[in-house]
Each structure stands twice: as structure tokens, then as C-alpha cells.
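Participant: give me coordinates for this.
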Amino acid sequence: MTASSVLPPAPASSGAARPPLLSPELPAVPNAFRQAITDAWLKDEATHVRELLEQARLPAAEQAKVQATAADLVKRVRVRAQDQGAIEAFMRQYDLGSEEGVLLMCVAEALLRIPDQETADKLIRDKLGDADWKKHMGGSDSVLVNASTWGLMLTGRLVQINDATRADVPGAFKRLIGRVGEPVIRLAVRQAMKIMGHQFVMGRTIDEALSRSHKGDNASYRYSFDMLGEGALTMKDAKRYLEDYRRAIHSIGGDHKARGGRPDGDVNSAPGISIKLSALYPRYEHAKRARVMADLVPGVLELAQLAKSYGIGCTVDAEETDRLELSLDIIETVVSDASLAGWEGFGVVVQSYQKRTPYTIDYLADLARRIGRRLQVRLVKGAYWDAEIKRAQIDGLPAYPVFTRKQNTDVSYLACAKRLFTHSDAIYPMFATHNAHTIAAVQAIARGGQYEHQKLHGMGDDLYAEVVPADRLNVPCRVYAPVGSHEDLLPYLVRRLLENGANSSFVNRITDENVAIDDLIRDPVEVVSSFASIPHPKIPLPVDLLRSQNHDRKNSMGVNLANDNDLRALAEQLNAAVKPWHAAPLVPGANPTGALLNVTNPADTRQVVGQWQPADSATVEKALANAVAAQPSWNRTPAASRAAILEHAADQLEARMPEFMALCVKEAGKSLPDGIAEVREAVDFLRYYAKQAREQFGHAEKLPSPTGESNELQLHGRGVFVCISPWNFPLAIFLGQVSAALAAGNSVIAKPAEQTNLIGYYAVKLLLDAGVPEGVLQFLPGDGATVGAALTADPRVAGVAFTGSTDTARAINRAMAARDAAIGVLIAETGGQNAFIADSSALPEQLVKDAIGSAFTSAGQRCSAARVLFVQDDIADKVMTMLSGAMAELKVGDPGLLSTDVGPVIDADALQILKDHAVRMEKEARLIAAATLSDEAAHGTFFAPRAYELKTLDQLHKEIFGPV
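Facilitator: Numbering: from 1, shown residues only. From the prediction side, this is the model:
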């Protein structure tokens, strides 16, 4: 019998009322069109693409015409390309398929933001020194490319030779020349980027861009102007972007009016502006839906009203997939406003690489019909593919939100094009493409219907010179025209080159005479139909990611916190899991006598979430005796059997994620994303150590032996292991320690931190239910003096795994060394001051995001949290200003709400340490910023994140475990 069986039930209700987890933030169930979008988020790729193949397929006769038109376009473009400009030649030669192309873009991307010459020169020396520039010699007929190659090859070789280990006279001479060469490269690359900026950016100001749009060949195009800039990180950024958009609309509208445009004119042929919603709000995230809707909608509506007053267009750019539905919420709210009645200039961008786009088009058509006017819809392929794939893998999603093959995206594009034309009463279709086959296919699909093409400024000029004129295809084209300084160019330019500079890109191949025209204009429907596997065979599903990398184990599954279907299911399961929890020693044959102690919620200490019973000295002695007796049998259990138990436990833990998330929120104060990460890490530990058990304990290793002799090495468990885990990772580190010891054949006594006994208890119960024998794994909650000290000093203990403070680790080490027993093993993970170091090559926006994430996630209660940020003087002021603005956007409050960024610290003692530290810092350091506490923090152990500027690291006497 275990002690837990005699525990009385915890009180059904204690303290303050318990607010539900997550549920208050969920939106109402949407209409059928919106629900279809959500349902298709991670639709099976093979099934989806087969459906799209049928929708995209053209009759044979029409397809033959498409091929002929596309082939003619390519031939005409190749004639024009013989006179291509220097930039196009440069892009062709240094494509992103070459190491040198990647190096050039990396260096150029960093150089434009490095303010000091020394760092810039060091970057050049580091990045360009080993490149093979020779292979590009003669690879192009363009003088600029060959001249650049000669210069880079020469200087690259000199930089490479410039190595202090080559201390000969000729080497010294070459090093001297090398030092002269680096500033030359710095200046040349910066100048080259300015030239490329002129190629890809319409103008430094909106007025300059407007003037340029009316000159020469530019006058034959329509324009949608885009104010360069990435997403806002601070409210100051957002206000600046909003004002930039206002000024731009006034300028575009005024220019349009001066040229005869009228508010009631044809808005489809009028100029327009593209706006990025993430530039208008610093926390444009699904988790912040309520704030976004309240704060962002008025600004977007104002811009739309302003555009309407001039009779020009206003289009919302597409962004990452996890922002799609939030964008649609804003769009529907804005376009439904009565002040926009009669204006058909509101546009929406949709991405064909998203699986949900066909359903998004249907929704937009329904929305247009409900508001009684057409919407403009721009179909693009998508610019964030690599990030979408990576994010799905990191988050452990069941599938990808985007197609894994470019050709599948091409099929989707054609199917979506057909869909747009079926809704021609509600949608004005716009097709962004630089692909001759796509242009020809859209012409066939349109059957004379009204539409336009769109292209990027600086790309596809030769192609559209064969499309726009009346004596060619006679289809209007709108130029997506970025406006801004060369400093704002890089994030945009890198995306454009990633899209169009790679070997597989149509832009890169259309002028390449080595590529057969038939290969260039193949029908994607035909191509995809020929695939043995519709999904890309080299891009495994996220769950199989580790298997594909020879780790032979499943990746842990996560939760999509931007998918309302998943959120509704999670909310229901979370709240069903909340109950009066209890914990007690799990020791066969013991009968503990300790009184029950309450467990309170650190987010609201008035709430009692459960009770626990500490182990007494007799229970500790019984656990040690049980562990010694049980270990030999467990050690003899085949490693494969031990591994199977751990894997079964991992599967059970994954299936019970909401239950353990609820425990993490209520007992440890973890936020919902932190709770997911905690469970996933625990699952990963179980599977990892199961794999280690098979590999290292599954068979004997044969050793080299003399003739007639056989020597083998086989690993076995050491005996009894004590696992003492911390409260900051009460499930992940707890199960990591325990599973490692069990996998190796040891019996285990698990002692959790006193603050998180409930989580430890249910984790041990899960392992026991999965098949670990009772005596092999035991649970001993209690204080350090009664339980921890007795266990670590006992000679029967073969080893201790400990995570916690350095002082406690030293005490354990001394206790184990003082025993009259065999030398024990101590595996100790302790703390320290984690330094985050950034020079001037760091992008300040990314640096600040990462610093906040590292320092303040989990309320800074992680041994891996950044404690000190070292920043080069040249960018320090900018970084501190940006850090202050970004910290103002943090929400500190109820960890059970998705909108919360920072939850409570673990208990009152931890809070007091942080308060005392803050008092000292106020006297000795300069406060950069402090977040504010929400009303939800009134009754919990909350500490507002703070950032201080120090004079020296000596001002930090010890690790401060919190958001500082």
C-alpha cells in the first residue's frame, strides 16, 4: 500500500474564485467560411494537392495554347536580355545556389547596419576570406560581374593569406595589402548595395518615387507603393509607420488628383498603397487579439478612409500564417464600416503556398457580397516559406501550413486563380508573378475577364514589356514599388533575392540560355502529377524530424496556439483537468504521518490548488531499503524493455499534456506557452533516454582481444540514485533526471522541490502506470533537512542528480564525500551569470526580441536566462531605447491567459529577493525600463521585469533568479 491511498481528499473549493484558463480569450465560433479556413490549416498535403490538381487542370487544347504563349514570351525576353543591365547580370552570376552568393548577401546585409569601420572590416575578413571567387571568372559577359569577381578574388585571397601564423616576409607583405583591401571591399559593397537599392527601391521618399513612376517606360504601369520597414517593435515605431502611411496616401492621392483622378473614378486603374499590419502595432500576434482589435482597427480604418477620399487603393499585405485569421478579423471589421460604402479600393493579399488560401478566397468573396462591394485580391506565392517550415518543426505541429514543394505552390496558384475568377462579381483579381507560364495560364483562365498582373519594382521588366503593350498581351500590370532609404532596404531585398535569386527561380532562369524553354514552361499540373510523392520526400513531417536526422525517435508534439480549433479544445481540456490536486510519498510499505500542507497558486495566493504530505524519517528509511532491494532486478531487465516503458510514458504524457499544463500553470505559475514547452521537453527526455538505453545498455561491446580470448564491455546501473529537481522546471528536469537514471538500470528516489510537489507526484504516478515497478521508482516530497540531507548522506546511495543552487550542490558534495562508502557520483547543474554579447553587426530589432525572450520568459526563472547584455558602444543607445519601448508592451499577469507574457515568480521568498535586489540597483545602476503589473497581479507573487545599465559586472554579486 502506498501512502497516497490514505490521503483525505483536498477541499473542493479554497480561497478566491478560480478564473478559467484560456477560455475568456477565445472568440465566438465563426461562420462556415471562416471555419473552413481554420479547418484547413494543416490539411494533408497529398490529399489537398490532388484536389487542387483537378481544379487547376486546363483542357488539352487550352493548355497547348498556354504553352505556346509562354514559349513565345520566353523567346522574346531572351532577345531583350542580351542587353540586360549590370544588376541582372550580377544576380544571375552570384545566385543563392553558390557559397559566394550567400556570403555576399550576408556581408551586405550586415554592412549596411554596422556604424563603425573596424567591425565592418573584421566582418569582411571573417566572411569573405575563404570564398572561391576563381570559379566565377568568365562566368558572365557583363563587365561589372567580371570586374567584381576580379576584385573579390584578389582581395579574398589576400584576406585568406592574411593569417598571423604565416610569419614570413612575403606573407607580411601580403597581409599589409590585405589590410588595405578590406576598407576597399567595405566601401565597394556599400556602394553596390546603394546601386541595388536604386534597382529595387522606387525612391527614397514617396515624392521621389511618384516622380520616377511617371518617367519613360514606368509611365505604362500602375503602381502600389510600399513604405519600407519591418514590423514595429515599439509603440513609437508603430506611430511613426502610421504617420508615414498617412503622408504617403496624401502624396499619392494628391498626385492622382493632379493628373485628373477623381474619388469616384475607376479605383482599379488608380495608384494605391500597400500597408503592413505588423508595422502598425508592436504586438501584432494572435495571443494579443483583444488588444490588437481595440488598438489597431481605428488606424487601419483611418488609412482606408483617407485612401477612399482620394479614390486610390489600399491593400493589406500578407504576413506569416499564424497571423492570417487575425488579419481577417481586422479586415472584416474595417471594410464593414459604413464610412467605406461605395469604395472598391480595399485590397487583400493572399499566398498560394498556404494550404488555407482557397478557403480564404471563398471567405473574402462572401465578405464582399455581405458588404455589397468588390474587394481587390492580390494572389502571390509567398515570401516566408523557409520560416514557416522551420516554425512548424520547432513548434512540433502535426503538419505544415504551407506546401513543401515549389511545384505544389504553383499548382495551388493556378487553382486559386480559377477560384478568383469564379468570384468575379465580388473580387477584382490581381496576379503577382514573374513567371511566363503563369501569365499565359491566367490569360487562358480569365476568358476575357477583367484582371491585372503585378510585379516587383526592379524585376521582370523584360517579361512585362511583352505583356502590357496593346500589341502584345494587352494586360495591365501594377508595380509593387518600395519606398525608403537604403538602410530600410535590406530585409525587403533579402526576401526578394531569396524568392528570385535562387537557381530554381523563374526570374533567374528565364534568361539562362542553358535552360531549355520546354523545361522552363512546363505545366506544374503535369509536373506534380508525375511525382511519386506529392509532399517533398526530404522534408519530413515535424513529428519525424529527428528520425530523418538519424536520431531514431519521435519529435514531441506541440499545440498550435494560433489555431482557434486547437485553442478551444485545449481550453476545454485544461479546465476539465483543474481539480483539488494532492501529493504524498509513493513508498511501498510506508505509512507517513506528516500533516497535510496547502499548495497555493503563485498567481493568486488566496487560491488553494491542492495539498501535499511531507515524508518523515521512517518513510525515507523505507524508501532506501526498497530501492536497494529492487535495483538488481531492474538492472537485469533488458534495456529494450526499460526503453519501451519510458517510451510508453512519453506517449502517455503527450496525450495528457493539458492536465500537466494545468498543473504547471496553477502550481508553478508558468504561462501557457511555457507549460507546453515544459511538457514537450519532458517527453523529449523520456524518448531520448529510452534511445540511449537501447544503444548503450542493449548489448555488450566486443573489445580487441588476443587469439583465443574474448573481452566484452557492458554497462550496468550503479545502484540507488537520488534525483533532486528544481521548481523552475518541475516536470522537464524532474523527468529528465529520473528517466536517465532508470534507463541506465538504477533504482530511483525522486525528491521534488518543495514548491512543486504536485507536479512531481503526478509525474511519478505516470511512470508507475507506464510500467516502472513500484520499488524501482519512489517519490519522497519534503524539506531539504529531513529528506534531502538524509538521502545524500546515506552510504547506500550510489549517485545523486541535482539541479539547483551552487551552495546546495557544494553541501551535497561535502555530504557524499564524508560518507564511509564507495565514492558516489554527483551530477550537479547549478547557476551563474549568463552573458549575452552583441557587436554592432547585430540587428537591433532582433537583438532586443531575443534579449527580452531570454531574460523574461518564465519570469526569468531559468538557469539559461540572459542576465547581462553586453552591447557595443556604437549601438548601445539605440538598443536601450528600443529595449525600453519593447518592455512597455509586456503584459505581466495571469499565466492562465494566452495574452500574458510574464507570470509570477515562484513564491514570496523569491519575490523578496528580487525586491531587495531592485532597491540596491536603484542606488547603484541606471534603470532603463520597468514593465508594469496588470490588475491580475494584485494577489500574486509578481515582479515587473526590469532592465538596468551597469557600470561593471562586479555590481552583480550573485545570480538573481528572476526577470532582471
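
Participant: what number of residues lie near residue 826?
Facilitator: If you count neighbours by other CB atoms under 10 Å, residue 826 ends up with 16. Just so you know, the C-beta spots here come from the backbone N, C-alpha and C atoms, and that holds for glycine as well.

Participant: and it, what helix or strand is that in?
Facilitator: Using DSSP states H and E, residue 826 sits within strand 825-829.

Participant: neighbouring contacts of that strand?
Facilitator: Contact with strand 825-829 is made by 718, 733, 798-803, 809, 812-813, 816, 863, as judged by CB atoms under 8 Å, 6 or more residues apart in numbering.

Participant: and with 10 Å instead?
Facilitator: With contact meaning CB atoms under 10 Å, 6 or more residues apart in numbering, strand 825-829 is reached by 718-719, 721, 723-724, 726, 733, 736-737, 740-741, 792, 797-806, 808-810, 812-813, 815-817, 863.

Participant: can I get stretch 531-541 in PDB? Just the C-alpha atoms.
Facilitator: Below are the C-alpha coordinates for stretch 531-541, written out as PDB (Å, rounded to 0.1, in the frame of the first residue of the first chain):
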ATOM      1  CA  PHE A 531       5.700  12.800 -58.700                       C
ATOM      2  CA  ALA A 532       5.900   9.500 -56.800                       C
ATOM      3  CA  SER A 533       5.500  11.600 -53.600                       C
ATOM      4  CA  ILE A 534       3.400  14.800 -53.600                       C
ATOM      5  CA  PRO A 535       5.000  16.100 -50.400                       C
ATOM      6  CA  HIS A 536       8.700  16.800 -50.600                       C
ATOM      7  CA  PRO A 537      10.400  13.500 -49.700                       C
ATOM      8  CA  LYS A 538      13.300  15.300 -48.000                       C
ATOM      9  CA  ILE A 539      11.100  17.400 -45.800                       C
ATOM     10  CA  PRO A 540       9.700  15.100 -43.100                       C
ATOM     11  CA  LEU A 541       6.700  16.000 -41.000                       C
END
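
Participant: buried set for it?
Facilitator: The neighbour-count check on stretch 531-541 (16 or more other CB atoms under 10 Å) flags 534, 535, 536, 539, 540, 541 as buried.

Participant: and the furthest pair within the residues you listed?
Facilitator: 534 and 540 (14.2 Å; CB to CB).

Participant: could you dump the buried residues of stretch 531-541 into JSON lines and include secondary structure and pLDDT?
Facilitator: Below are the buried residues of stretch 531-541 laid out as JSON lines (DSSP: H, G, I helix; E, B strand; the rest coil; pLDDT from 0 to 100):
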{"residue": "534", "secondary structure": "coil", "pLDDT": "98"}
{"residue": "535", "secondary structure": "coil", "pLDDT": "97"}
{"residue": "536", "secondary structure": "coil", "pLDDT": "96"}
{"residue": "539", "secondary structure": "coil", "pLDDT": "94"}
{"residue": "540", "secondary structure": "coil", "pLDDT": "95"}
{"residue": "541", "secondary structure": "coil", "pLDDT": "96"}
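
Participant: got the domain ranges for this structure?
Facilitator: Following automatic domain parsing, one gets these domains for the chain: 3-25+582-796+804-824, 44-56+201-486, 86-196, 835-955.

Participant: mean pLDDT lowest for which of those?
Facilitator: Per-stretch mean pLDDT for those is lowest at domain 86-196 (a mean of 52).

Participant: just to revisit the earlier point, ok now the strand holding residue 826, how far from the chain's centre?
Facilitator: Offset of strand 825-829 from its chain centre (CA atoms, centre = their mean, to the nearest Å): 33 Å.

Participant: what comes up buried for the next helix-or-strand element following that strand?
Facilitator: The helix or strand immediately downstream of strand 825-829 is strand 835-838, counting by DSSP H and E. Neighbour-count burial for strand 835-838, counted by 16+ other CB under 10 Å, picks out 836, 838.

Participant: list the neighbouring strands of strand 835-838 plus their orientation.
Facilitator: strand 868-871 (parallel) (DSSP bridges).

Participant: after the partner strand, next one along is what?
Facilitator: Scanning forward in sequence from strand 868-871 by DSSP H and E, the next helix or strand is helix 873-887.

Participant: buried residues, that following helix. List them.
Facilitator: Judged by neighbour count using 16+ other CB under 10 Å, the buried positions of helix 873-887 are 875, 879, 880, 881, 882, 883, 884, 885, 886, 887.

Participant: helices or strands up against that helix?
Facilitator: helix 117-128, helix 235-258, strand 835-838, helix 844-856, strand 868-871, strand 926-930, strand 946-949 (3 or more CB pairs under 10 Å, 6 or more residues apart in numbering; DSSP states H and E).

Participant: format the CA atom coordinates belonging to the fourth one as CSV.
Facilitator: What follows is helix 844-856, C-alpha atoms only, in CSV (Å, rounded to 0.1, in the frame of the first residue of the first chain):
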residue,chain,number,x,y,z
PRO,A,844,18.9,45.8,-33.0
GLU,A,845,15.3,44.7,-33.5
GLN,A,846,16.3,41.0,-33.4
LEU,A,847,18.7,41.6,-30.6
VAL,A,848,16.0,43.2,-28.4
LYS,A,849,13.5,40.5,-29.2
ASP,A,850,15.9,37.8,-28.3
ALA,A,851,17.1,39.6,-25.2
ILE,A,852,13.6,40.0,-23.9
GLY,A,853,12.7,36.4,-24.7
SER,A,854,15.8,35.1,-23.0
ALA,A,855,15.7,37.3,-19.9
PHE,A,856,12.0,37.4,-19.2
